[in-house]
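Student: Have a look; sequence and predicted model below, questions after that.
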Amino acid sequence: MDKKIKVGYQGAHGTFSEIAVQEFFKDRPFTACNYANFPSIIADVESGAIDYALLPVENTTTGIIYRTYDLLKDSDIFAVGEILVRIDEQLIGLSGTNIEDLREVYSHPEPLDQCSGFFAAHPWIKPVTYQDTAKSVEYVAQCQDPSKAALGSWLAAEYYHLPILKERVQDNQLNTTRFFCVAKGEQTVQEADKISMYFVVNHEPGALYEVIRVFAQRGINMLKLESRPIRGRMFEYCFYIDFDGSLLQPKTQEAIAEVREHCLEVKVLGSYKRAFNGELL
Ligand SMILES: O=C(O)C(=O)C[C@]1(C(=O)O)C=C[C@@H](O)C=C1
């Protein structure tokens, strides 16, 4: 019987998401399973076909990745871990290609956005959206056209046997993506010290203030607060919040119970060990 943990990630072999899987599970035997899109990964975590998945949730250059956050709140999955992965966008193309020869650079929309300075400085190069970074590199390898290159990881360059034409072309040299490790259903993570939560406040004056007061009064440190329009409603907003704590602490349980009194909807999205900011790949 295969005892290896099955872990899902989005994209082809060589994506940044696969690097996140490799790093998060480096001390345990695992099988990495790649998927074309996030909903199919989540469906397989929910059905038990795979044990975990690594999903990108936030990037230091482009901010929150709503495609995953919105799915988290609507599904029966729970964040049990987080990892920060340094995203070095490598310009990958055919051997001997000069940047002056390039006309099109392919990649996933996030990396294209993370490298907007590169495109501003090289206006003759058109950014072209492709399904993920690894597929973009594979496409460039297949085309054998020196006017095409891709933005992707060192792993993709290695896997598709293409040279890196220019290293780290991202705007922000500290370009880092935060990934959640998710599992099925709410879980108790013994070593957890951070919580992520979704909520929608009551429509009354001071409702958001009341939620923030719950944390302030208990001396609970808030780490993030993000608001976003609720899909299907006309400019009504939900909030995503991160704070220090563990679901095993009575103080945290009380705080969440009190938050519910001021909200129309509350969902704890995860409780996990905080990834230390210095621990970058
Ligand atoms: O295409 C990839 O390499 C991915 O892993 C996807 C993805 C994303 O969805 O944001 C993951 C991390 C990086 O920020 C860039 C792209």
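Tutor: Received the coordinates, thanks. No experiment lies behind these values; they were computed from the predicted model shown. Numbering: from 1, shown residues only.

Student: Count the residues that sit near the residue lying closest to residue 221 once chain neighbours are set aside.
Tutor: Leaving out its chain neighbours, the residue that sits closest to residue 221 by CB to CB, 6 or more residues apart in numbering is residue 244, at 4.3 Å. Any C-beta I mention is one placed from the backbone N, CA and C, and that applies to glycine too. Counted by other CB atoms under 10 Å, the residues lying close to residue 244 total 16.

Student: same deal with residue 216?
Tutor: 12.

Student: who in the stretch 151-281 of the chain is up against the ligand?
Tutor: Selection of the stretch 151-281 of the chain residues close to the ligand by CB under 6 Å from any ligand atom yields residue 177.

Student: all strands of the stretch 151-281 of the chain, in order?
Tutor: 164-166, 176-184, 194-201, 222-229, 237-244, 263-272 (DSSP state E, counting those that start in this stretch).

Student: so which of those gets nearest residue 44?
Tutor: Of all those, strand 176-184 sits nearest to residue 44, with 9.7 Å by CB to CB.

Student: Pick out the residue of the stretch 151-281 of the chain closest to the ligand.
Tutor: Distances between the stretch 151-281 of the chain and the ligand by CB to the nearest ligand atom are smallest at residue 177, namely 3.9 Å.

Student: my read: that residue touches residue 23, true?
Tutor: No. Using CB atoms under 8 Å, residue 177 makes no contact with residue 23, being 11.7 Å away.

Student: any residues in contact with both of the two?
Tutor: Common neighbours of residue 177 and residue 23 are listed as residue 85 (criterion: CB atoms under 8 Å, 6 or more residues apart in numbering).

Student: so where is the stretch 1-150 of the chain shaky, pLDDT-wise?
Tutor: 1-2 (pLDDT under 70).

Student: Can you pull the domain assignment for this protein?
Tutor: The chain breaks down by automatic domain parsing into domains covering 5-87+175-184, 90-166, 194-271.

Student: how about residue 118, secondary structure?
Tutor: The three-state label given to residue 118 by DSSP: H, G, I helix; E, B strand; the rest coil is helix.

Student: my guess is it contacts residue 169, does it?
Tutor: Yes. Contact criterion CB under 8 Å: residue 118 and residue 169 qualify, at 4.5 Å.

Student: which residues do these two both contact?
Tutor: Common neighbours of residue 118 and residue 169, using CB under 8 Å, 6+ apart, are residue 91.

Student: between the two, which one's more packed in?
Tutor: Shown here are residue 118 and residue 169; by other CB under 10 Å, residue 169 has more neighbours (23 against 20).

Student: what's residue 182 in contact with, if anything?
Tutor: Contacts for residue 182 (CB under 8 Å, 6+ apart) come out as 42, 45, 52, 53, 54, 55, 72, 77, 78, 79, 80, 270.
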